[in-house]
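Engineer: Quick one: sequence and predicted model below, then my questions.
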Amino acid sequence: MATVLGLIALAFTGGFLILIINKGTNLRSPAPKPIPALTPFDGKLVVKSIDDLRIANRKIVLCGVAFTKSQSMRSLVTEAMRRDYQGLALTCKPVGAGTPCDGNIGPKFRDAVVVQCLTSEGRDLAADLVEAGILCGQPAQAGSTYKACAQGS
C-alpha cells in the first residue's frame, strides 16, 4: 500500500510540475527583438572632432581605422580633417552590410554607428584618411584592408 501511495504522490508531483512549467509561469524565453535593417545612408561629412564624425546627423565611427597618434596632435589633425574633408558627400554602410569589418566588430560603438563610407567616386574614406596619415588601420577589425601605423607614430 505504501508503494502505491508513493507512486501516486510521485506521479502527482511530476504532473503538477509539468503543469506549472507549461501553463502557470513564464519560464519560456521572450521572443527576440527584431534587429533593425542595416541600410546604407547618405550625407555630407561633418567633422566636430577627429573622434566625432557625423553623416546625416548620425554619429559615425569608421570601421577598421582609429586615431592612435599622440593626444597633443588631436587639434591639429581635427583642423586638417575639417579643411580637407568637411562637407564631403558620402554613402555609408553599417557593419554587417558588406564592410571589411563584418564579423569582427559590432554595428554600434557607444552612441555611434560603425560604418564604411564611400565617396561618389567610390573611394573609401577610411583608406584615404590612412593614406593621408590621419588615421591608422586596425588589423583586428578589418584585416589588411587598411595599413596599420608603425609603432610610435
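Structural biologist: Ah, there it is.

Engineer: Now do the buried residues in stretch 57-65.
Structural biologist: If you call a residue buried by 16 or more other CB atoms under 10 Å, then stretch 57-65 has these buried ones: 59-65. In short, each C-beta sits where N, CA and C put it, glycine included.

Engineer: Report the contact partners of the residue minimising distance to the centre of the chain.
Structural biologist: When CA atoms, centre = their mean is applied to the chain, the residue found nearest the centroid is Pro107 (2.2 Å). Applying CB atoms under 8 Å, 6 or more residues apart in numbering, we find Pro107 in contact with 38, 94-96, 113-114.

Engineer: Who does the nearest residue to Phe109 once chain neighbours are set aside form a beta bridge with?
Structural biologist: Distances taken as CB to CB, 6 or more residues apart in numbering put Val61 closest to Phe109, at 4.8 Å, once the chain neighbours are dropped. Val61 has these beta-bridge partners by DSSP bridges: Val114.

Engineer: quick one: contacts for Val61?
Structural biologist: Val61 makes contact with 53, 109, 112-115, according to CB under 8 Å, 6+ apart.

Engineer: Which parts of the protein are strands?
Structural biologist: Counting by DSSP state E, the chain has strands at residues 41-49, 52-55, 58-62, 65-66, 89-94, 108-109, 112-119, 136-137.
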